[in-house]
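> only geometry, no sequence info:
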């Protein structure tokens, strides 16, 4: 049986996603291992989330459908790239954002993640980025809905991923 990370990447491919970039995060350990090992994904690891968004913009303009992996702290780093590049120039991408410090609770996460963990979903709402929270039973329809929204609006959408979902 395929790992959760493999099933996730297969689902993204079924929805037309064909370019992957981002900043590694331990909550994406399983996905990152696959992306690094299999050249067919064309994964390009970035040093910063705003750089990954620039890479994704170029991939989109080159005819690809990009996915950008980032930590929720990276959402803060990338706000300017999101609003002054992707949103005003209608450059879509699926943001897959790890939810460190989920709900502002420690839960064995580093203390620096608690504030961002608490404000992440309101921040996505403030930025007008449609999102869904990764839940295995609703993942396929959520990816379908987010992808349709992304195509209709030509803007970024986000999938928020909690601890333990894509680590294997």
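Received, thanks. This structure is a prediction, so every number in the text was calculated from the model and none was measured. Numbering: from 1, shown residues only.
> show me the shaky parts of this structure.
106-107 (pLDDT under 70).
> ranges for the helices of this protein?
Counting by DSSP state H, the segments of the chain that form helices are 4-14, 29-37, 49-61, 72-77, 79-81, 114-126, 139-153.
> could you dump those helices into TSV and include mean neighbour count and distance to residue 20?
(C-beta placed from N, C-alpha, C; glycine too.) Compiled in TSV, those are given as follows (neighbours: other C-beta atoms under 10 Å; distance: least, C-beta to C-beta, whole Å):
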stretch	mean neighbour count	distance to residue 20
helix 4-14	17	8
helix 29-37	18	6
helix 49-61	21	9
helix 72-77	21	15
helix 79-81	15	17
helix 114-126	16	21
helix 139-153	16	14
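> a markdown table for those, including distance to residue 159?
A markdown table is the format used below for these (distance: least, C-beta to C-beta, whole Å):
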| stretch | distance to residue 159 |
| --- | --- |
| helix 4-14 | 9 |
| helix 29-37 | 12 |
| helix 49-61 | 14 |
| helix 72-77 | 12 |
| helix 79-81 | 18 |
| helix 114-126 | 11 |
| helix 139-153 | 6 |
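> right, and those - which one's nearest residue 94?
Ranking the helices of the chain by distance to residue 94, with C-beta to C-beta as the measure, places helix 139-153 first at 6.5 Å.
> which other helices and strands contact the closest one?
Helices and strands touching helix 139-153, as assessed by 3 or more C-beta pairs under 8 Å, 6 or more residues apart in numbering; DSSP states H and E, comprise helix 4-14, strand 94-98, strand 131-133, strand 157-161.
> so for residue 108, which of those sits nearest?
Checking the helices and strands packed on helix 139-153 against residue 108 by C-beta to C-beta gives strand 94-98 as the closest, at 14.2 Å.
> how far does the closest one sit from the chain's center?
If you compare the mean C-alpha spot of strand 94-98 with that of the full chain, they lie 1 Å apart, counting by C-alpha atoms, centre = their mean, to the nearest Å.
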